[in-house]
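Chemist: sequence first, predicted model second:
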Amino acid sequence: MENLTQLRFKLNAAKQRNKRLSENMAKLPGIIGIIGSTPIVDVNTKSAELQLIPFTQLHKYVGSYYAKIKKVLLAEGVIVRQNGMWHLREDLQKDGIAVYTTGRLGCYYVYHLKWTPKGVAFIKDIINHKTNH
């Protein structure tokens, strides 16, 4: 049987976890508002057919390296980094080139910008256009 000190320690740890979760859940409406109209996909329920490529893996599909892709997309105004998140330019948000994923490991307050195959083709065109000029 556990002693009283161990039980108090576990109870205190659980209270701290619940407090952090509540604080992060309170931030959720603000985060969703910042994201704009980019679709949000829960990774726990997404279909297997939906192929999403993380920003850090784009180099495998685009044929350029990560730093150059990021530099070109920032220069072209396609993406911007705000509040620790990548944001897609507003006029591109409904084009289906990217989505935000959430729900990874049950954390419903963390969002990651991921690219669809249409978005990969879009980025390839931008990189090729930039390289050829």
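Modeler: Sure, I can see it. Residues are numbered from 1 along each chain as shown.

Chemist: which residues of this protein fall in helices?
Modeler: 4-35, 58-62, 66-75, 117-132 (DSSP state H).

Chemist: just want the angle from the last one to helix 66-75.
Modeler: With axes from the mean of the first three to the mean of the last three CA atoms, to 10 degrees applied, the angle from helix 117-132 to helix 66-75 works out at 90 degrees.

Chemist: in helix 117-132, what's buried?
Modeler: For helix 117-132, a neighbour-count test (16 or more other CB atoms under 10 Å) marks 119, 120, 122, 123, 124, 126, 127 as buried. Where C-beta positions appear, they are placed from N, C-alpha and C, glycine not excepted.

Chemist: same deal with the shortest one?
Modeler: Burial within helix 58-62, assessed by neighbour count using 16+ other CB under 10 Å, is assigned to 58, 61, 62.

Chemist: ok, now stretch 41-59?
Modeler: Judged by neighbour count using 16+ other CB under 10 Å, the buried positions of stretch 41-59 are 41, 52, 53, 55, 58.
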